[in-house]
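> got a predicted structure plus its sequence, pasted below:
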Amino acid sequence: MIHKRIRPFNTKDTYPEQKLDNDLCQAVVTGKTIYLRGQVAQDLDTRESVAVGDPAGQAEQAMGNIALLLSECGAGLENICKVTVYLTDIRYREAVYRVLGRWMKGVYPVFTGLVVVALARPEWLVEVDVIAELE
């Protein structure tokens with residue numbers, strides 16, 4: 001089976017200061033399962049960071065990215081099964097979960113929340129990782 005890869009990119013373009021050269025993509029569809037790359041407060045087209053210093057704003061951007069990527073995979077938010085949320089500070093939990101809850105109202109996915117020391121860029125406070133299933 002050939003996997004469908006959505007929005008391939010190379011890390012040297014996304015993280016030029018880190019001297020990486022990894023071929024990745026934003027989403028992979030394998031059979032009926034959709035795996036999304038962890039989404040952060042980064043515009044998918046310009047690669048610019050947005051909502052710097054604002055965890056709720058970063059969650060909005062991440063969820064907008066997720067909705068867009070799922071649509072490019074032929075799915076929607078209702079197809080989400082599993083969500084993993086990474087926060088750089090536990091104090092962001094309430095604001096971030098409020099945003100995610102609004103976006104996924106009525107979806108009922110399973111959630112895992114983790115507090116981590118840092119994400120790939122110092123200005124990123126929130127990362128949302130999603131697995132979805134096509135119907």
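Yep, it's here.

> what number of residues lie near Val83?
20 (other Cβ atoms under 10 Å). Where you see a C-beta, it was placed from the backbone N, CA and C, and this is true even at glycine.

> who's it bridged to?
Phe111, Val130 (DSSP bridges).

> got a pLDDT number for it?
Val83 is assigned 98 on the pLDDT scale.

> all strands of the protein, in order?
Assigned by DSSP state E, the chain shows strands spanning 4-10, 23-30, 33-36, 80-87, 110-115, 126-133.

> to Ala59, which of those strands lies closest?
Of all the strands of the chain, strand 126-133 sits nearest to Ala59, with 5.2 Å by Cβ to Cβ.

> nearest to Gly57, of the strands of the chain?
Nearest of the strands of the chain (Cβ to Cβ): strand 126-133, 9.3 Å.

> separation between Asp43 and Glu94?
Applying Cβ to Cβ, to the nearest Å, the value for Asp43 to Glu94 is 25 Å.

> same question for Ala62.
With distances taken as Cβ to Cβ, Ala62 is found 16 Å from Glu94.

> in terms of neighbours, single out the busier of these two.
Just comparing Ala62 and Glu94: by other Cβ under 10 Å the higher neighbour count belongs to Ala62, 28 against 10.

> would you enumerate the residues in contact with that one?
Contact analysis of Ala62 by Cβ atoms under 8 Å, 6 or more residues apart in numbering lists Gln39, Val40, Ala41, Val126, Glu127, Val128.

> how about the longest helix along the chain: buried residues?
The longest helix of the chain (DSSP state H) is helix 55-72. Residues of helix 55-72 classed as buried under the neighbour-count rule (16 or more other Cβ atoms under 10 Å) are 55-70, 72.
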